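Colleague: Provide a 3D model corresponding to the input given below.
(3 chains)
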Amino acid sequence: MAEVVVESTGDDVRFSKIAPFSLKDTLMCGQAFRWQSTGNDVCAYTGVVRGKVLRVRQEGECLILEGPTNEDSVAMTRDYFALDVDLGEIERRLREIDPALGTAIDFAPGIRLLRQDPWEAMVTFIISARNSIPLIRRSVELLAEKYGDPIPEGRNGDACEAYFAFPSPEMLAGADIEGLLQCRTGFKAPYISEAAERIASGEFDLAGVGDLEYAEAKSRLMEFRGIGNKVADCILLFAFGFYGAFPIDVWVTRIMRYFFFDSKKVPLRVISEFAHEKFGDLAGYA
DNA sequence: GCCCAGGTGAAGT
DNA sequence: ACTTCACATGGG
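Modeller: Numbers count the residues shown, from 1 in each chain, chains lettered A, B, ... in the order given. All right, here's what the predicted structure looks like:
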């Protein structure tokens, strides 16, 4: 556990003692899809988290939550960025595991794993299958605009942009396939619809997945159509904090083959087993 | 036109 | 268990 320091600076709240930290890489590495760069010159981003608009920026090694803030938004930020996780210690442990990880950390240090909303992550990563990151971002944004509640900004000055909460399972359960298709969800539209209905009806307890063991949690998620190995691991890693999850996409496949399998073709199952054995409970960070 | 993009489900060996 | 193919959609 790291000892995060939280202090007010005018309207803003500053989180310090969280080094190593890169806000840009944390938000733009592809684990989250609703953040926009809003700083002209400085590192600043605006995003929607759990139905609230959050504005954050990085100063030195510190994370700044821009005001007006309240107890809720401060607690939410701390939780969302998992600031109580000691990333310095994790990066030290990864370096000891393999020199390749040291090279990767030198290239892009300070990438924190976020703790995102499970339902939003579920839909987002269902959409991610056979898709490109810009199009994933667009689909998620379209869903929010079409089905999500508008968020009153409550901030003077820039009332030009509208923000929308990510729609709840209930809201998407009521959507027809045609509407979901208008959000460019393609052949994943029925998967989203089915998932929304199962969760909205109470048949499936999504929040409860966090209380299960990793293997059990993963197989429960994989009962949904549209959720296979990779998407299940993404949800577990980016929403539930299962840091041993190891999502294998095309790029992870390539880099794992390159470093550990002499660039040979290897079944994904073999890569997965290798990663879990070598990286253990830090596989996701690796 | 053709191939690829954060894969997955279904059908066929 | 392993292999093959279709799947919407958009960009290069």
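
Colleague: just for chain A, where's the confidence low?
Modeller: Scanning chain A for pLDDT under 70 picks out A:1-2, A:154-160.

Colleague: longest helix of it?
Modeller: Ranked by residue count, the top helix of chain A under DSSP state H comes out as helix A:133-147.

Colleague: For stretch A:74-88, measure first residue to last.
Modeller: 22 Å (C-alpha to C-alpha, to the nearest Å).

Colleague: what's in contact with that stretch?
Modeller: Outside stretch A:74-88, the residues that touch it by C-beta atoms under 8 Å, 6 or more residues apart in numbering are A:1-2, A:4, A:6, A:13, A:15, A:18-21, A:26, A:49-50, A:52, A:54, A:56, A:63, A:65, A:110, A:112-116, A:241. Quick note: C-beta positions are derived from backbone N, CA and C, even for glycine.

Colleague: Apply 7 Å and report the result again.
Modeller: A:1-2, A:4, A:6, A:13, A:15, A:18-20, A:49-50, A:52, A:54, A:63, A:65, A:110, A:112-115, A:241 (C-beta atoms under 7 Å, 6 or more residues apart in numbering).

Colleague: Tell me the secondary structure at A:Arg55.
Modeller: Using DSSP: H, G, I helix; E, B strand; the rest coil, the structure places A:Arg55 in strand.

Colleague: Enumerate every residue touching it.
Modeller: Applying C-beta under 7 Å, 6+ apart, the residues near A:Arg55 are A:38, A:46, A:66.

Colleague: mind redoing it with 6 Å?
Modeller: Taking C-beta atoms under 6 Å, 6 or more residues apart in numbering as the criterion, A:Arg55 is in contact with A:46, A:66.

Colleague: now swap in A:Lys17 and tell me
Modeller: A:4-5.

Colleague: Give me the distance between it and DNA strand B.
Modeller: 27 Å (C-beta to the nearest atom of the strand, to the nearest Å).

Colleague: Show me which residues of chain A sit near DNA strand C.
Modeller: A:130-132, A:134-135, A:181, A:184, A:186-187, A:267, A:269 (C-beta under 7 Å from any atom of the strand).

Colleague: top of these by neighbour count?
Modeller: Using other C-beta atoms under 10 Å as the neighbour criterion, A:Arg184 leads those with 18 neighbours.

Colleague: all strands of the stretch 51-200 of chain A, in order?
Modeller: Under the criterion DSSP state E, counting those that start in this stretch, the stretch 51-200 of chain A contains strands at A:52-59, A:62-65, A:150-151, A:163-164.

Colleague: right, and these - which one's nearest A:Val42?
Modeller: A:Val42 sits nearest to strand A:52-59 of all those, at 5.8 Å, using C-beta to C-beta.
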